[in-house]
Each structure stands twice: as C-alpha cells, then as structure tokens.
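Trainee: sequence and predicted structure below; questions after.
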Amino acid sequence: MLNKQKTSILFSSNTNNEVREEIFREAGSVICDRYEEYLGLSAVVGRSKYNALRSIKEKVWHKLQNWKNGFLSKEGKEVLIKAVLQAIPTYSMSVFQLPQRLCHEIEALFAKFWWAHQKNGKRVHWWRWDRLGQCKGRGGLGFRMLEDFNKALLAKQGWRLLKEPESLVGRIFKDKYFKNLHLLEASLGKSPSFVWRSIWSAMDVLKRGMIWRVGNGEDIKIWGQKWLPKPGSGCVQSQVSILQNEAYVNELIDTDGKRWKEELVRLVFEEEEANLILSIPIRGGAVDKVIRIATVNLEEYSLAFKKGSDGVVQRCTTRRGLGWRRHEGESFKANFDAAINEAEQTMGLGVVIRDCNGEMMAVKCANRKCRSSPFITECSAMWEAMELCKELGFWEVWLEGMQRKLLMQ
C-alpha cells in the first residue's frame, strides 16, 4: 500500500513528459523539483560533495553561537566539544566520506571555540588541533580527528557488510559491485554511488585490522590474504612455487579435512612459514571465518572496534594494567577470569594476554551458557585462554587465574 500523503516523486531530467503524466495519474503523489533529505541525510549528492554536506558545518556554527564562551572553563569546553559538537557530524560520517576541506573547517571551529575567551574574541592557538587530538597519556586531550574517525565509521559499515551479507543493503551492494567476488576483493566499479565510494575508501582500514581463521580453506587465497597468525602483514612471504598464484588454502589440507599436507607445505613454503602453517589448528568441516585483530591506533581510531564479542579477537598495544605482576623469562602471560549471571543463566569469560613487559597483545570476551559451579566456570575461562593462545601462535604462555585449586591441578 502507498500512502499518497507521505509520498513525493522526483523525476530525472531524462524522463519525458508523457511518462511523468502517466505516473502522476496512477500514483497521484506530489511531484517535487528537488529532494533535499531523507532520514536526515542528503538523498541526492551532486558533483560538489562539499556543498551537499556543508550543512554540517552550519549546524556546528549555530550551536556555538548559542553558548556563552566567556563563562566556560576549559573543563566545560572539553565536555561540550566531545559530547555535543563532535557528535553532530557522526551520523553523516557513518554513511558518507566527508571532504577533507569540510573536516578541516569544522575542526577550525572547534579550535577557535577552545582557545577563545569571549564570543568574538581571538587568542593564539598554542597547539595544533591534531596534537590536541592525541590521547591524554601522550600529552593531548583526546579530541577526535574527523577524517580518521570518519574512516573508522565507514570501515565499521564495511564490517557489517562482511558479517551480514544477507541483509538488504548487503545483497544490493553485492549484486551491483562485487557479484562474483568477495567483499575484500571488490573494486570501485563504474559510476559508483557516493555511499559505496565512501565505504570502499575505508576498506584499507578494514583489511589492516582483519585476519582469516582457517576452517576448510575454500575461501582463503594462499598468497595475498592475511591468514598466518604472526605479527606484521599476516600474509605468506614465500615466493609462489609448485601451486598457482591464485591457489586456495584448501589445496594444502588433506582430503579428510583434519590435517595439513605436511610434505607439500614444506615444499612450497620456507621453513619458518611452513612450521607456522603446520601449527595452525584445522577445524574439520568448519567454514573459513574473518576475525578482527584491532590495533589500538589513535590516528585510525581503531578504538571504534574495541567492543569485544564472541568470535572477535583484538590484538592491541596499550599500557600495563593495574595489578599485573611481571613474570620471568620472555614468554607471554594470559590472565583469565569468569563471572556468573544467575538471573540469565549465563556466564561471561574474559582473557587478556600480555608480553613480558606488560604490553597487552590480545583481548577476548565471550558469553556462554551457565555451568554448575564457579570452579567449572573458571575451567571454561582457562580453556578459552588456551584456545586464544593457540590461534595466535603463542606457545610459551604463563596462565594466571583466580582459582588457585585449578592452577595447582
């Protein structure tokens, strides 16, 4: 059913008058010459992306005019910038890639508001805005850099397309832009929409923060894709030999799907990579899965991906946690813990892996059905810790938990 009172029609310049009149007679809707916005976003974006999106800058400017700058402390300004001003462009940035010029002009408004004493007052800007955008631990104030935050939000949309390919927008984009390819192999295409162009521009951020977890190996290319659990690129560095350049990982797996073809692996790859591949566990019958390995990097705002969930692994570098005790040697330490929610009959598991210097290497959170006792729950957390270490290739690991009885056994 079509609600004619809420429906309007916009015709392109290529539509002839006869077609327009026929559609108008059948639909009986209002014909408009311009279609400004839909759900708060520009429905039609022309060649000038700046003109189409500069209303965001105007909203920020109008908000600043309503505040009495002279009566605000630095703490108050910091809260207003982070909680109010920087929230204004967030919705648009999650769909569109804002022009660089527009981002810089909006940040200039933020900087002017931060340094000025009075409404129309001027003051020297002692620090650049990008320096203020560093975290407080590095001497900044943690303000968002709009370009980087924009890329993080668009990469998040790409992650949703990757994890929810059967959604409506996922099916539309796949049919139009990467019908016979994987999302990570998609190209920009001919005459792309502004939304797809924006998401595609952030694919490099998405690729840098992901790695394949081997299942049956049918979706992972041996060369050119990240599937090795090692720091750095995560890609195979050995030169192409014996197998084709476009070969898939399933050619390295035995027919029963439970073990590697060791002889072939050692022929194709150098010794270090061969040993690493043979150490990767194979889940017989399981499909290949993409997991996130998010490196904490303020410039790329990978903190946008730092919400842990089941099946999501995050590798990061951050400061040493409080209460962490240094262990001997050069090995890693895995701290694990669990908690029971009796009301919902579930338990939450958490694992943190650090190196010998206390730098965090990986974090994992998961929810499971509740077990019968705290001891069994702690055992499940320890199992998750060992599974995570195995996936990431950490073999010399100290395990530390709250149950002394468990560790003694």
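Mentor: Perfect, I can see it now.

Trainee: which of the residues in stretch 234-249 are buried?
Mentor: Of the residues in stretch 234-249, those buried under the neighbour-count criterion (16 or more other CB atoms under 10 Å) are 234, 236, 248-249. C-beta coordinates here come from the backbone N, C-alpha and C atoms, glycine included.

Trainee: contacts for that stretch?
Mentor: Taking contacts as CB atoms under 8 Å, 6 or more residues apart in numbering, the residues outside stretch 234-249 that touch it are 211, 214, 217-228, 251, 264, 267-270, 273, 288, 293.

Trainee: can you flag the buried ones in those residues?
Mentor: Among those, those that count as buried by neighbour count (16+ other CB under 10 Å) are 211, 214, 217, 219-222, 225-228, 264, 268-269, 273, 288, 293.

Trainee: can you show me the helices along the stretch 101-250 of the chain?
Mentor: For the stretch 101-250 of the chain, applying DSSP state H, counting those that start in this stretch gives helices covering 129-132, 146-163, 168-177, 194-201, 203-208.

Trainee: find the nearest non-adjacent residue to residue 153, please.
Mentor: residue 94 (4.3 Å; CB to CB, 6 or more residues apart in numbering).

Trainee: pull the number of nearby residues for that neighbour.
Mentor: Residue 94 sits with 16 neighbouring residues when counted by other CB atoms under 10 Å.

Trainee: wait, isn't it in contact with residue 158?
Mentor: No. Residue 94 is beyond contact range of residue 158, at 11.4 Å (criterion: CB atoms under 8 Å).

Trainee: which residue packs closest to residue 279, ignoring adjacent ones?
Mentor: Nearest in space to residue 279, with sequence neighbours left out and distances taken as CB to CB, 6+ apart, is residue 393 at 6.3 Å.

Trainee: no no, residue 215
Mentor: Counting by CB to CB, 6+ apart, the nearest residue to residue 215 once its immediate chain neighbours are dropped is residue 286, at 3.8 Å.

Trainee: please tell me I have it right and the one you found contacts residue 216.
Mentor: Yes. Counting by CB under 8 Å, residue 286 sits close enough to residue 216 to count as a contact (6.6 Å).

Trainee: for those two, indicate the residue with more neighbours.
Mentor: Per other CB under 10 Å, whichever of residue 286 and residue 216 has more neighbours is residue 216, with 18 against 12.

Trainee: for the more buried one, give its distance to residue 252.
Mentor: 11 Å (CB to CB, to the nearest Å).

Trainee: which residue is the nearest non-sequential neighbour of residue 124?
Mentor: Nearest residue to residue 124 in three dimensions, chain neighbours excluded: residue 115, at 7.2 Å (CB to CB, 6+ apart).

Trainee: so the one you found sits right up against residue 128, yeah?
Mentor: No. In this structure residue 115 lies outside contact range of residue 128 using CB under 8 Å: 11.5 Å.

Trainee: who has more neighbours, the two?
Mentor: The residue with more neighbours, out of residue 115 and residue 128 and counting by other CB under 10 Å, is residue 115; that gives 17 against 9.

Trainee: tell me how far the more buried one lies from residue 81.
Mentor: Noted for residue 115: a distance of 12 Å to residue 81, by CB to CB.

Trainee: kindly report the same for residue 357.
Mentor: 35 Å.

Trainee: who has more neighbours, these two?
Mentor: Regarding residue 357 and residue 81, a neighbour count based on other CB under 10 Å identifies residue 81 as having more, with 20 against 8.

Trainee: how about that one: what's its closest non-neighbour residue?
Mentor: Using CB to CB, 6+ apart and skipping residues adjacent in sequence, the residue nearest residue 81 is residue 110, 5.7 Å away.

Trainee: and for that neighbour, the neighbour number?
Mentor: The burial count assigned to residue 110 is 23, neighbours taken as other CB under 10 Å.

Trainee: please apply the same query to residue 204.
Mentor: Counted with other CB under 10 Å, residues neighbouring residue 204 total 12.

Trainee: ranges for the strands of this protein?
Mentor: Secondary structure of the chain by DSSP state E: the strands cover 8-9, 30-31, 37-38, 41-42, 210-213, 289-292, 332-341, 346-354, 360-369, 397-400.

Trainee: can you list these in CSV and add mean pLDDT?
Mentor: Shown next, in CSV, are the strands of the chain (pLDDT from 0 to 100):
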stretch, mean pLDDT
strand 8-9, 73
strand 30-31, 60
strand 37-38, 66
strand 41-42, 72
strand 210-213, 83
strand 289-292, 73
strand 332-341, 84
strand 346-354, 85
strand 360-369, 79
strand 397-400, 85
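
Trainee: any chance of the ones you listed in CSV, plus distance to residue 65?
Mentor: Compiled in CSV, those are given as follows (distance: least, CB to CB, whole Å):
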stretch, distance to residue 65
strand 8-9, 33
strand 30-31, 35
strand 37-38, 22
strand 41-42, 24
strand 210-213, 43
strand 289-292, 41
strand 332-341, 48
strand 346-354, 46
strand 360-369, 43
strand 397-400, 55
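
Trainee: residue 23 is nearest to which of those strands?
Mentor: Shortest separation from residue 23 across these is recorded for strand 8-9, at 6.7 Å, computed as CB to CB.

Trainee: returning to what we had before: measure the residue nearest to residue 124 to residue 212 for me?
Mentor: With CB to CB as the criterion, residue 115 and residue 212 are 47 Å apart.

Trainee: which of the strands of the chain sits closest to residue 378?
Mentor: The closest of the strands of the chain to residue 378 is strand 332-341. By CB to CB, the value is 5.5 Å.

Trainee: contacts for the closest one?
Mentor: Counting by CB under 8 Å, 6+ apart, residues outside strand 332-341 touching it are 324, 327, 346-356, 361, 370-371, 374, 377-378, 380-382, 384-386, 388-389, 394, 396-402.

Trainee: quick check on those: which are buried?
Mentor: The neighbour-count test (16+ other CB under 10 Å) applied to these identifies 327, 347, 349-354, 361, 371, 377-378, 380-382, 384-386, 388-389, 394, 397, 399-401 as buried.
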